[in-house]
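>>> Got a predicted structure plus its sequence, pasted below:
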Amino acid sequence: MKADAWLKRAHATETGAFRRVIVSNAADLNDADSLIDLETNLRAPRTTIVTEPAARGQSMKSYLTHLECTYCHGTFSADEPQRTCPDCSKVLYPRYDMAAAKAGFDRDALPSRPANMWRYFEMMPVRDEANVITLGEGYTPIFKAERLGPEMGCSALYIKDEGLNPTGSFKARGLSAAVSKAKELGITKLTMPSAGNAAGAMTAYAAKGDMEAYVFMPRDAPDSNLKEVAITGGKLTLVDGLITDAGRLSRQKAEEAGLFDISTLQEPYRVEGKKTMGYEIAEQMSWTLPDAIIYPTGGGTGIVGMWKAFEEMEELGWIDGKRPKMFCVQSEGCAPMVRAFREGTEFAEPWQDAQTVAAGIRVPSGIGDYLILRALRESSGGAVTVTDDEILWYMKQVASLEGMFICPEGAATAAALSKLLANQELSPDDNILLLNTGAGLKYLELLESVGA
């Protein structure tokens with residue numbers, strides 16, 4: 001499809017479906033005319049935005065059935081707390097009654113639903129809508145890179161901006177799903193390690209859900225992330241070392257104090273929040289996926305979540321079998337997935353002495369390594385490293401050309417694109433989507449480094 005036609009279809013879907021309930025007084029809550037599209041909202045006088053997990057007047061039912069191990073394929077209950085597979089210690093995925101969902105969940109119902117990730121409730125793991133803890137996360141916009149694209153020689157370059165999520169990054173999705181499911185299972189005390197943005201997201205959703213939140217972070221994590229944890233009431237422990245060191249202390253605290261550890265892919269539900277990026281990409285692009293998606297990869301929940309979404313949507317009959325090539329990008333100072341991809345191994349060996357300015361991808365090892373590598377290979381995609389200097393340069397380049405102050409992890413995707421084009425792994429005429437995973441405002445300490 002030609003780029004202009006593809007954009008027109010994507011834009012038409014976005015403005016038609018991206019809706020919230022806008023009220024200026026209590027009477028408006030019952031006024032159907034209060035449903036207006038987002039473009040109008042941005043120009044309107046100040047109003048109150050009410051975010052609901054479900055569309056008014058609609059009853060939604062999750063088709064969740066059980067959990068399945070992604071490695072040994074054992075099955076387990078989704079109605080009691082689970083972490084990893086009891087048999088092989090690999091990642092558990094929620095599974096759904098796909099036949100019933102195909103018959104009962106019509107994608108045409110989506111435009112009337114609120115513009116957040118819970119619009120896909122039927123394919124989410126929370127059974128009772130009353131247990132959903134939401135701050136309005138998801139349904140972030142996709143922008144055509146009108147100036148960056150031509151500068152890089154691309155005719156159809158797009159950016160999905162996850163920095164517009166409530167806690168400033170895509171981590172809001174996974175933590176909304178995980179904390180909501182924890183609430184449904186009666187869990188009240190949570191812990192996790194974090195390299196940055198996940199920490200503030202977890203403590204924010206835990207605060208809204210009236211839960212205790214414990215966070216373990218590297219001492220040199222971005223200052224904004226530390227302050228987020230503090231202001232939302234989280235109990236923060238700073239660790240000398242990396243996220244892997246923080247993870248060991250989090251698991252130790254969980255055992256000692258009876259906490260539930262919701263580390264990346266070490267419980268089944270964060271991935272379900274992340275997979276909604278895949279559902280949104282399809283919906284916003286009129287159910288035609290891009291040729292390639294470039295994603296900054298730390299723990300990898302975003303890549304594997306989107307890949308899971310594409311599989312589910314194909315089974316639902318919402319999309320055809322054409323999938324994007326998935327590309328993971330990591331820093332040269334911490335690239336375990338890139339190395340494993342190039343070496344053709346199933347698992348990734350931990351990276352020694354991990355260093356990069358992009359805190360979110362300074363992850364030396366991950367339990368979901370085999371799932372990331374599987375998605376890259378099944379999609380005929382690839383894996384790319386970039387330097388910190390390239391990351392910093394593209395932070396400024398994207399901001400100066402597109403007006404988007406993206407995070408360093410997001411900038412890494414633009415740096416990776418330049419290499420993929422140079423290596424002819426991607427064509428300038430491909431429809432290419434970059435994922436910016438967070439707001440640059442959370443990394444103000446890097447401004448001097450980018451010459452701002």
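In hand now; what should we look at?
>>> Wait, residue 64 touches residue 79, no?
No: using C-beta atoms under 8 Å, residue 64 is not in contact with residue 79; the gap is 9.1 Å. In this view, the C-beta of every residue, glycine as well, is placed from N, C-alpha and C.
>>> Looking at the two, which has the bigger crowd around it?
Neighbour count, other C-beta atoms under 10 Å: between residue 64 and residue 79, residue 64 has more, with 21 against 12.
>>> who's in contact with the closest residue to that one other than its chain neighbours?
With sequence-adjacent residues excluded and distances taken as C-beta to C-beta, 6 or more residues apart in numbering, residue 64 is closest to residue 125, at 5.1 Å. By C-beta atoms under 8 Å, 6 or more residues apart in numbering, the contact list for residue 125 reads 62, 64, 78, 94, 177, 181, 268, 269, 272.
>>> Check residue 240 too.
Applying C-beta under 8 Å, 6+ apart, we find residue 240 in contact with 218, 219.
>>> where do the helices sit along the protein?
Under the criterion DSSP state H, helices of the chain are mapped to 3-17, 38-43, 98-104, 148-152, 171-184, 197-208, 223-231, 243-257, 270-284, 301-316, 336-343, 369-378, 388-402, 408-422.
>>> Dump these into JSON lines; add mean neighbour count and distance to residue 90 as well.
Putting the helices of the chain into JSON lines (neighbours: other C-beta atoms under 10 Å; distance: least, C-beta to C-beta, whole Å) gives the following:
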{"stretch": "helix 3-17", "mean neighbour count": "16", "distance to residue 90": "36"}
{"stretch": "helix 38-43", "mean neighbour count": "11", "distance to residue 90": "40"}
{"stretch": "helix 98-104", "mean neighbour count": "13", "distance to residue 90": "22"}
{"stretch": "helix 148-152", "mean neighbour count": "17", "distance to residue 90": "38"}
{"stretch": "helix 171-184", "mean neighbour count": "29", "distance to residue 90": "18"}
{"stretch": "helix 197-208", "mean neighbour count": "28", "distance to residue 90": "21"}
{"stretch": "helix 223-231", "mean neighbour count": "18", "distance to residue 90": "29"}
{"stretch": "helix 243-257", "mean neighbour count": "18", "distance to residue 90": "16"}
{"stretch": "helix 270-284", "mean neighbour count": "27", "distance to residue 90": "13"}
{"stretch": "helix 301-316", "mean neighbour count": "23", "distance to residue 90": "12"}
{"stretch": "helix 336-343", "mean neighbour count": "19", "distance to residue 90": "16"}
{"stretch": "helix 369-378", "mean neighbour count": "21", "distance to residue 90": "8"}
{"stretch": "helix 388-402", "mean neighbour count": "20", "distance to residue 90": "31"}
{"stretch": "helix 408-422", "mean neighbour count": "25", "distance to residue 90": "26"}
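>>> would you turn the ones you listed into TSV with mean pLDDT and distance to residue 69?
Converted to TSV, the helices of the chain look like this (pLDDT from 0 to 100; distance: least, C-beta to C-beta, whole Å):
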stretch	mean pLDDT	distance to residue 69
helix 3-17	39	35
helix 38-43	30	40
helix 98-104	98	18
helix 148-152	98	41
helix 171-184	97	18
helix 197-208	95	24
helix 223-231	93	32
helix 243-257	90	20
helix 270-284	98	13
helix 301-316	97	14
helix 336-343	98	21
helix 369-378	98	11
helix 388-402	97	36
helix 408-422	98	29
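>>> Nearest approach to residue 214 belongs to which of those?
helix 243-257 (6.1 Å; C-beta to C-beta).
>>> Send me the closest one as PDB with only the CA atoms.
Extracted in PDB, the C-alpha atoms of helix 243-257 (Å, rounded to 0.1, in the frame of the first residue of the first chain):
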ATOM      1  CA  ILE A 243      18.800  -4.600  37.900                       C
ATOM      2  CA  THR A 244      19.900  -8.200  38.300                       C
ATOM      3  CA  ASP A 245      21.300  -7.400  41.700                       C
ATOM      4  CA  ALA A 246      18.100  -5.500  42.600                       C
ATOM      5  CA  GLY A 247      16.200  -8.600  41.600                       C
ATOM      6  CA  ARG A 248      18.000 -10.800  44.000                       C
ATOM      7  CA  LEU A 249      17.200  -8.500  46.900                       C
ATOM      8  CA  SER A 250      13.500  -8.200  45.800                       C
ATOM      9  CA  ARG A 251      13.100 -12.000  45.800                       C
ATOM     10  CA  GLN A 252      14.800 -12.200  49.200                       C
ATOM     11  CA  LYS A 253      12.400  -9.600  50.600                       C
ATOM     12  CA  ALA A 254       9.400 -11.400  49.100                       C
ATOM     13  CA  GLU A 255      10.300 -14.600  50.900                       C
ATOM     14  CA  GLU A 256      11.000 -12.800  54.200                       C
ATOM     15  CA  ALA A 257       7.900 -10.500  54.300                       C
END
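>>> Show me what it is in contact with.
With contact meaning C-beta under 8 Å, 6+ apart, helix 243-257 is reached by 189, 191-195, 214, 216-218, 237, 239, 259-261, 263, 350, 362-365.
>>> Show the buried residues in these.
In the contacts of helix 243-257, burial by neighbour count holds for 191-195, 214, 216-218, 237, 239, 259-261, 263, 362-365, counting by 16 or more other C-beta atoms under 10 Å.
>>> Among the residues you listed, name the ones in strands.
Counting by DSSP state E, these place 191, 192, 193, 214, 216, 217, 218, 237, 239, 260, 261 in strands.
>>> Would you check which pair of the residues you listed lies furthest apart?
Across those (C-beta to C-beta), the longest gap, 22.0 Å, separates 218 and 260.
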